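Asks: let's see this in three dimensions:
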Amino acid sequence: MPEPQRQLPPAALVALSKGNKIEAIKIVRTEWNLGLKEAKDQVDDYVRSQPALAGAVGSHAASGSRVMWLIVLIVLAVGVYYYFRSR
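Replies: Residues are numbered from 1 along each chain as shown. Presented below is the predicted three-dimensional model:
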């Protein structure tokens with residue numbers, strides 16, 4: 001019989017509401033004295049049980065990835081510009 005899911009610590013819920021799943025896992029590990037896999041499983045189970053939260057966590061992660069790619073492209077474009085300008 002599966003163990004009933006307990007409520008995540010309030011600080012972990014705040015982290016999840018901001019889209020910071022890694023921070024939520026760290027908080028659960030610390031407060032519940034769990035290993036990384038167990039804490040991740042607890043947070044994942046909670047996110048799956050909250051459909052509205054699942055969308056928020058995923059969208060924050062995707063937007064962070066887009067920003068990182070944008071920064072990489074800008075740096076690359078500046079590098080190419082200075083390379084051809086100096087020739």
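
Asks: in which helix or strand does Phe84 reside?
Replies: In this assignment (DSSP states H and E), Phe84 forms part of helix 51-85.

Asks: what of Gly19?
Replies: Counting by DSSP H and E, no helix or strand carries Gly19.

Asks: ok so, going back, pLDDT of the helix holding Phe84, averaged?
Replies: For helix 51-85, mean pLDDT is 78.

Asks: stretch 25-32 too?
Replies: Mean predicted confidence for stretch 25-32 is 95.

Asks: just the buried positions in that stretch, please.
Replies: For stretch 25-32, the neighbour count (16 or more other C-beta atoms under 10 Å) marks 25-29 as buried. Where C-beta positions appear, they are placed from N, C-alpha and C, glycine not excepted.

Asks: before we move on, what about stretch 35-47?
Replies: Using 16+ other C-beta under 10 Å as the test for burial, stretch 35-47 gives 39-40, 42-43, 46-47.

Asks: pLDDT score for the nearest residue to Glu31 once chain neighbours are set aside?
Replies: Spatial nearest neighbour of Glu31, chain neighbours left out: Pro9 (4.7 Å); criterion: C-beta to C-beta, 6 or more residues apart in numbering. pLDDT, Pro9: 94.

Asks: quick one: Pro9 and Arg85, what's the gap?
Replies: The spacing between Pro9 and Arg85, counted by C-beta to C-beta, to the nearest Å, is 54 Å.

Asks: which of these two has more neighbours?
Replies: Per other C-beta atoms under 10 Å, whichever of Pro9 and Arg85 has more neighbours is Pro9, with 15 against 7.

Asks: who are the contact partners of that one?
Replies: Residues in contact with Pro9 (C-beta atoms under 8 Å, 6 or more residues apart in numbering) are 27-28, 31-32.
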